[in-house]
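Novice: I would like to see how this sequence folds:
(chains A and B)
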Amino acid sequence: MSMLNGEIAAVFKEMADLLEIKGENPFKVRAYRNAARVVENMGKSLESLVKEGYDLTELPGIGHDLSEAIEEIVFSGKFSKLEELKKEIPQGLKELLSIEGLGPKRIRVLYEKFNVTSLEDLSKLAESGEIYKIKGFGPKLVSKILEGVKLAKKSGRRFRFDTAKPYAEDIKRYLFEFKGVIKVEVAGSYRRRKETVGDLDILVVAENWEEVSEYFVKYDKVKTVVSKGETRSTVILQNDLQVDLRSVSRESYGSALHYFTGSKAHNIKIRKMAQERGWKINEYGVFNEKNEKIAGEDEEGVYEKMGLCFIEPELREDRGEIEACLQNGLPDLIKREDIKGDLHIHSVYTDGKASIKEMALAASELGYEYIAVTDHSKHLTVAKGLDEERIKIQWEEIDRLNEELEITILKGIECDILEDGSLDLKDEILSSLDIVLGAVHYKFNLSKKEQTERVVKALKNPYLHVLAHPTGRLIGAREAFEMDMDEIFKVCREEGKVLEINAQPQRLDLNDIYAKAAKEAGIKFSISTDSHTRDCLSFMEYGVNQARRGWLEKEDVINALTLNELKKFLKR
DNA sequence: GCCGTTTTCGGCCCGACTGTTTTCAGTCG
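Specialist: All right, here's what the predicted structure looks like:
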């Protein structure tokens, strides 16, 4: 039995939801939510910390009770207080919380007066008209709730970054076309380059807000206009993505941008710092004890007044960035321009859609110095994986192309890690390759112990350089397979192995949290696109986003090395 | 439930919008 941080966080979130519906002290609710966030953001396994006897109350937001709670969850797999609460509060109620317009208070009334415990109950009550007997429930609220019920049934309310991006860019373009619009910026988790976004928060500086707002809600992809106010308008697009447009004055632009970029946890920490000085920070500015505005025009000014340097949006998660800033320890984050090559590329030899030459030329256009062709190995039969014979044929072609082309093509492989942890090709082939990626492509559901042993064994193979898409997760589709990541990091460190940040927008694997933890463990990274077509080469941007969120610098990334440096690094 | 050189009680970030009121509660970000 093993317990992932995410599972512990889920217990705390559920506690928070149920306590909230029960009408408990809102600060207690907040304490649970806060603890869930802390647990989620940890790169290290809480389970192992507990077993090592670490004092959990050292963690921020974890005190005596929650520390005991974590131990209980780790050792028994259950949290007795939650089990008790579950008996008291019907399970269905917490899914009602996700409905727009329904919070704990209204849910409680619905339950107590009409025994509503599910989306179905709620629909029926609303359609029967009985719901209007509750004070505060009018026709508009009810129709909003019914809309929300429909949406909740569809589930999946977050959008992958790459899904949201074209909309964000297009709305930006659309707004800029309107007369009087001076500035437009997409804030929120989008600006922090989070792998998924819940909605788009767009700030606009304009002389004529009313007209801009009017114009905004007429954007052709708008399905419904949710609200239209004096500082904010909200719409839902046809794909159910919510977009908020906020009017911001030029003088408050920086404060507003900071405020709406978040994260919430980052903002709260900064605001508390202000509070300690007797100051106040809101979306309009930084105000001193005499309520005089002392900053707000730009973001840099807001940070400066708080004694901080500018903190890149990707870092604003309250994962230590404020403390690091105070100690001049903020990372100099890697940029897309630092990348000199792509080390995970497929070709028509296996399941790629373009020839090696086509991929190489496309990479050349991106300004790369080198690429590695890393087709699949023979175990992956569905992808026509290469055996020892066919790979030699591929080498001949690469040799010819290297004569012909400016860009350097490295001979690589994405070699399957077999169930027993051995690699899918013979050592004499592996040893002749410039770069060997190892990857798990099947048997995702081994036990944590077995999976860890499997990958550790592969990492100990002297010819393997990089562990590709290390956890196997697919955003919104497949969970990471269970592995002891602390152990994986330890072995990588000892063996000098590289971890990939796979830039495919549905993978982004390693994720930000693990990347940060792995960096702290002293591990190097490859940020690569796993491209199967020429267009996919542009996914590099997403990989770099995730790397930045994981605090990575140029020095941490092997494909930011020049070709010569890289070759030296890859030498066994 | 957490937290603490103005500490072990009494605070806990802050403002906008909506729908329903007729001065505000609930919700949201």
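
Novice: buried stuff in stretch A:512-522?
Specialist: Under the neighbour-count criterion of 16 or more other C-beta atoms under 10 Å, stretch A:512-522 has A:512-519, A:521 buried. For the C-beta atoms, the positions are set from N, CA and C on the backbone; glycine is no exception.

Novice: do stretch A:409-429 as well
Specialist: Under the neighbour-count rule (16+ other C-beta under 10 Å), stretch A:409-429 has A:409-418, A:421, A:423-425, A:429 buried.

Novice: Please read off the pLDDT at the residue in the stretch 151-300 of chain A that DNA strand B sits nearest to from the model.
Specialist: DNA strand B sits closest to A:Ser227 of the stretch 151-300 of chain A, with a gap of 2.6 Å, by C-beta to the nearest atom of the strand. The per-residue pLDDT reported for A:Ser227 equals 87.

Novice: can you confirm it is in a strand?
Specialist: Yes - under DSSP: H, G, I helix; E, B strand; the rest coil, A:Ser227 falls within a strand.

Novice: which residues touch it?
Specialist: Contact analysis of A:Ser227 by C-beta atoms under 8 Å, 6 or more residues apart in numbering lists A:233-234.

Novice: Quick check: bridge partners of it?
Specialist: Legend: beta-bridge partners of A:Ser227 under DSSP bridges are A:Thr234.

Novice: circling back: of the buried residues of stretch A:512-522, which is the nearest to A:Gly43?
Specialist: Closest approach to A:Gly43 among those (C-beta to C-beta): A:Ala517, at 2.4 Å.

Novice: Could you look up the SS state of that closest one?
Specialist: Relying on three-state DSSP, one would call A:Ala517 helix.

Novice: Leaving out chain neighbours, which residue sits closest to it?
Specialist: A:Gly43 (2.4 Å; C-beta to C-beta, 6 or more residues apart in numbering).

Novice: Next: A:Gly23.
Specialist: A:Arg108 (6.1 Å).

Novice: list the contacts for the one you found?
Specialist: So A:Arg108 contacts A:21-23 (C-beta under 8 Å, 6+ apart).

Novice: Throw together a ChimeraX command that grabs the buried residues out of these.
Specialist: Selection command for ChimeraX covering only the buried members of the contacts of A:Arg108, criterion 16+ other C-beta under 10 Å:
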select /A:21
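
Novice: Got the domain ranges for chain A?
Specialist: A:5-154, A:159-248, A:252-326, A:336-570 (automatic domain parsing).

Novice: hang on, the earlier thing: for the contacts of A:Arg108, which one is nearest A:Gly262?
Specialist: A:Ile21 (25.5 Å).

Novice: if we can go back for a sec, out of the domains of chain A, deepest packed?
Specialist: Most buried of the domains of chain A, by mean neighbour count (mean count of other C-beta atoms under 10 Å): domain A:336-570, with a mean of 20.

Novice: Give me the average confidence score over that domain.
Specialist: pLDDT averaged over domain A:336-570 gives 95.

Novice: okay, how far is it across that domain, tip to tip?
Specialist: 22 Å (C-alpha to C-alpha, to the nearest Å).

Novice: Narrow the buried residues of stretch A:409-429 to those in strands?
Specialist: A:409-416 (DSSP state E).

Novice: Tell me who's in contact with A:Glu71.
Specialist: A:50, A:56.

Novice: go on, A:Ala354?
Specialist: A:Ala354 neighbours (C-beta under 8 Å, 6+ apart): A:347-348, A:362, A:533-534.

Novice: Show me which of those is closest to DNA strand B.
Specialist: Using C-beta to the nearest atom of the strand, the contacts of A:Ala354 come closest to DNA strand B at A:Thr533, 35.8 Å.

Novice: Quick check: chain neighbours aside, which residue is closest to that closest one?
Specialist: A:Thr533's closest residue in space is A:Lys353 (C-beta to C-beta, 6+ apart), at 4.6 Å.

Novice: Is the one you found located within a strand, as I assumed?
Specialist: No - under three-state DSSP, A:Lys353 sits outside any strand and is assigned coil.

Novice: got the phi/psi numbers for it?
Specialist: A:Lys353 adopts backbone torsions of phi -110, psi 0, taken as degrees, to the nearest 10.

Novice: can the ones in strands among the buried residues of stretch A:409-429 go into TSV with extra columns for distance to DNA strand B?
Specialist: Below are those laid out as TSV (distance: C-beta to the nearest atom of the strand, whole Å):
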residue	distance to DNA strand B
A:Ile409	46
A:Leu410	45
A:Lys411	49
A:Gly412	44
A:Ile413	46
A:Glu414	40
A:Cys415	45
A:Asp416	43
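
Novice: residue in chain A nearest to DNA strand B?
Specialist: Counting by C-beta to the nearest atom of the strand, chain A gets nearest DNA strand B through A:Gly138, at 1.4 Å.

Novice: and the closest residue to that residue other than its chain neighbours, what does it touch?
Specialist: In space, and not counting its chain neighbours, A:Gly138 is closest to A:Tyr132: 7.3 Å by C-beta to C-beta, 6+ apart. Taking C-beta under 8 Å, 6+ apart, we find A:Tyr132 in contact with A:138-139, A:142.

Novice: Could you tell me the per-residue confidence at A:Tyr132?
Specialist: 86.

Novice: try A:Leu333
Specialist: Predicted confidence (pLDDT) at A:Leu333: the value is 97.

Novice: if we can go back for a sec, quick one: secondary structure of the residue nearest to A:Gly138?
Specialist: Assignment for A:Tyr132 (three-state DSSP): helix.

Novice: wouldn't A:Ile527 be in contact with A:Ile501 here?
Specialist: Yes - in this structure, A:Ile527 is within contact of A:Ile501 by C-beta atoms under 8 Å, at 4.7 Å.

Novice: intersection of neighbour lists for the two?
Specialist: Common neighbours of A:Ile527 and A:Ile501 (C-beta under 8 Å, 6+ apart) are A:543, A:547.

Novice: Give me the three-state assignment for A:Tyr167.
Specialist: Classified using three-state DSSP, A:Tyr167 is helix.

Novice: ok, back up a step: please tabulate the buried residues of stretch A:512-522 in CSV and include distance to DNA strand B as additional columns.
Specialist: Listed next are the buried residues of stretch A:512-522 as CSV, based on distance: C-beta to the nearest atom of the strand, whole Å:
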residue, distance to DNA strand B
A:Asp512, 21
A:Ile513, 20
A:Tyr514, 24
A:Ala515, 26
A:Lys516, 21
A:Ala517, 21
A:Ala518, 26
A:Lys519, 25
A:Ala521, 25
